[in-house]
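*Asks:* just to be clear, the model below is a prediction. Sequence and coordinates:
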Amino acid sequence: MRKPKIKMQILKEDKGYSAFVNIGADFIGTQGNNFEELKINVLDAVNLYAGDKGLSYTIDEIQFELELPSFFEFYKVINAKALSERIGINQSLLAQYIKGVKKPSPAQTKRILKGVQQVGRELAAVQFV
């Protein structure tokens, strides 16, 4: 049997984080007080599901998909004002996306993701002397 791809949706809750995915008719869900605990709980929950099917997963085989508010909660080091200027999105609008007041369109989401990924590539290329 071929392993299904696991793409866990991650949400920031009032206290901690939750993760869930539907695989066909099956639902896998868990929570954690912080992201490290969440990853451990996700791996346990996925392997509980997979064990019944004779499968096993590592954490590297599980993809985590974050909504914008959760992403910016995880990566507080990213300055939303600077990012908005860099990608050409109104700062107030980006702040509303981050707070969950408004939901970005797929095109806006792609634009934000492209900007974040560009910053990541630039940071990965940095060398200190």
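*Replies:* Thanks, I have it. Given the structure is predicted, the values throughout are model-derived calculations rather than measurements. Numbers count the residues shown, from 1 in each chain.
*Asks:* hey, let's count contacts and neighbours off CA atoms from now on
*Replies:* OK.
*Asks:* parallel or antiparallel, which strands does the helix or strand that contains Glu65 pair with?
*Replies:* Element membership for Glu65, per DSSP states H and E: strand 62-66. Neighbouring strands of strand 62-66 in its sheet, by DSSP bridges, are strand 6-12 (parallel).
*Asks:* keeping just the C-alphas, turn the lowest-mean-pLDDT helix or strand in the chain into CSV.
*Replies:* Between all helices and strands in the chain, the lowest mean by mean pLDDT, DSSP states H and E belongs to helix 68-74, at a mean of 83. Output of helix 68-74 as CSV, limited to C-alpha atoms (Å, rounded to 0.1, in the frame of the first residue of the first chain):
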residue,chain,number,x,y,z
LEU,A,68,-1.4,33.3,8.0
PRO,A,69,-2.2,34.2,11.7
SER,A,70,-0.5,31.0,12.9
PHE,A,71,2.5,31.6,10.6
PHE,A,72,3.1,35.0,12.0
GLU,A,73,2.6,33.7,15.5
PHE,A,74,5.3,31.0,14.9
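*Asks:* so where is the chain shaky, pLDDT-wise?
*Replies:* Scanning the chain for pLDDT under 70 picks out 1.
*Asks:* domain parsing for it?
*Replies:* 6-66, 68-125 (automatic domain parsing).
*Asks:* save these as CSV, and put in mean neighbour count too.
*Replies:* Below are those laid out as CSV (neighbours: other C-alpha atoms under 10 Å):
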stretch, mean neighbour count
domain 6-66, 15
domain 68-125, 14
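*Asks:* returning to what we had before: and the contacts of the strand holding Glu65?
*Replies:* With C-alpha atoms under 8 Å, 6 or more residues apart in numbering as the test, strand 62-66 has contacts from Lys5, Ile6, Lys7, Met8, Gln9, Ile10, Leu11.
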